[in-house]
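1. next input, structure requested:
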Amino acid sequence: MMLDNSNDTVLKTVNPLLSRKGWKVGDAINEAKENLAFKEHIGITQTGKSGLGITSIQRWPTATTKEHRDLVIQEIRSKEESKRLVKAIQQSQQGQWTNWKEAMQRSITWNDIWQMLLLRLSFIIRSTYDMLPSMTNLAKWMKVGDPTCPLCEEESQTMKHVLSFCRVPLANGRYTWRHNRVLEELTTTISNHMKPEAANINHKFFSGGGKMWIGSKRITSPLLVKNQNIFEINDDWIVAADIPG
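-> The predicted model follows:
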């Protein structure tokens, strides 16, 4: 699109970059523009309990050239994500994550992946797609004949059963131990960020007129300071957790 919008007549004649098999850049851009034009005719639709005027969108006629490119890219990404979701739903096992309820999405960057231990990365990927070697999966893969849990010997050993529903780990306190270790890690991380050297807390003071300052910056609301750590607003935070001693 940058080539098409260029004022240079030579650049406009340059052929677009090659794309993956079965996907053409030009067709995707044209389809995205058609979808945006259709949305422009429909207008803004309200969903949920939000009132009229709460939702706002960037309109195509009033957008700049750069905003046009951003809208098209966003539309293409949205369509590709919809295709990926449809394909995942059709997969009985690898698409199980589409049925998760109230699960928070986790955004993992390439930098996070490179810094992860291999075993941890393998567990995250295989648990997401339910590919861990549980007895149920081993039975599907023709590795064992009986999918029953070897601990409780009552139910099929699925990933959900191992992590949350087996009565033997519950009786032995394994689930409680896991809960306490996660809580301990959370409290330790929060406590470290509460330290002035970690949170980079600046001294706050008020002028005679009641105006608030942090360092050399005057602010009207602590919550509106850009890139400010929540622990920088106050320095009297207290962490309390029910971790056994």
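2. what's the burial count for residue 169?
-> For residue 169, the number of neighbouring residues by other C-beta atoms under 10 Å comes to 19. Where C-beta positions appear, they are placed from N, C-alpha and C, glycine not excepted.
3. so it touches residue 177, yeah?
-> No - with contact defined as C-beta atoms under 8 Å, residue 169 does not reach residue 177; the gap is 9.1 Å.
4. near residue 175, how many other residues are there?
-> Around residue 175 sit 15 other residues, with neighbours defined as other C-beta under 10 Å.
5. also the one 3 residues further on?
-> By the other C-beta under 10 Å criterion, the neighbourhood of residue 178 contains 12 residues.
6. can you give the domain ranges for the chain?
-> Taking automatic domain parsing as the reference, the chain has its domains at 9-43+58-90, 110-172, 174-232.
7. end-to-end on the second one?
-> Spelled out, that is domain 110-172. By C-alpha to C-alpha, to the nearest Å, the extent of domain 110-172 from end to end equals 38 Å.
8. sorry, back to before: let's have the domains of the chain in CSV, adding distance to residue 96 and mean pLDDT.
-> What follows is those, written out as CSV (distance: least, C-beta to C-beta, whole Å; pLDDT from 0 to 100):
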stretch, distance to residue 96, mean pLDDT
domain 9-43+58-90, 9, 78
domain 110-172, 5, 90
domain 174-232, 22, 63
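9. what's the biggest helix by length in the chain in contact with?
-> In the chain, taking DSSP state H as the definition, the longest helix is helix 65-89. With C-beta atoms under 8 Å, 6 or more residues apart in numbering as the test, helix 65-89 has contacts from 1-2, 5, 28-29, 31-33, 35-36, 58, 60, 63, 94-95, 97-98.
10. hmm, back to that, with distance to residue 239 as extra columns, can I get the domains of the chain in TSV?
-> TSV is the format used below for the domains of the chain (distance: least, C-beta to C-beta, whole Å):
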stretch	distance to residue 239
domain 9-43+58-90	38
domain 110-172	26
domain 174-232	5
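11. just the strands in the chain please.
-> Secondary structure of the chain (DSSP state E): strands at 204-206, 212-214, 217-219.
12. among the contacts of helix 65-89, which ones are buried?
-> Buried members of the contacts of helix 65-89, counted by 16 or more other C-beta atoms under 10 Å: 1, 28, 29, 32, 33, 35, 36, 95.
13. which residues touch the fifth one?
-> It stands for residue 33. Contacts of residue 33 (C-beta under 8 Å, 6+ apart): residue 72.
14. just use 62 as the starting number from now, easier for me
-> Okay, using 62 as the starting number, the last item reads as residue 94.
15. could you check how far it is from residue 124?
-> 12 Å (C-beta to C-beta, to the nearest Å).
16. same check, this time on residue 184
-> Taken as C-beta to C-beta, the span from residue 184 to residue 124 is 44 Å.
17. cool, and residue 130?
-> Distance from residue 130 to residue 124, by C-beta to C-beta: 9 Å.
18. swap in residue 196?
-> When residue 196 is compared with residue 124 (using C-beta to C-beta), they lie 56 Å apart.
19. can you check residue 84 too?
-> Here the criterion is C-beta to C-beta. By it, residue 84 lies 25 Å from residue 124.
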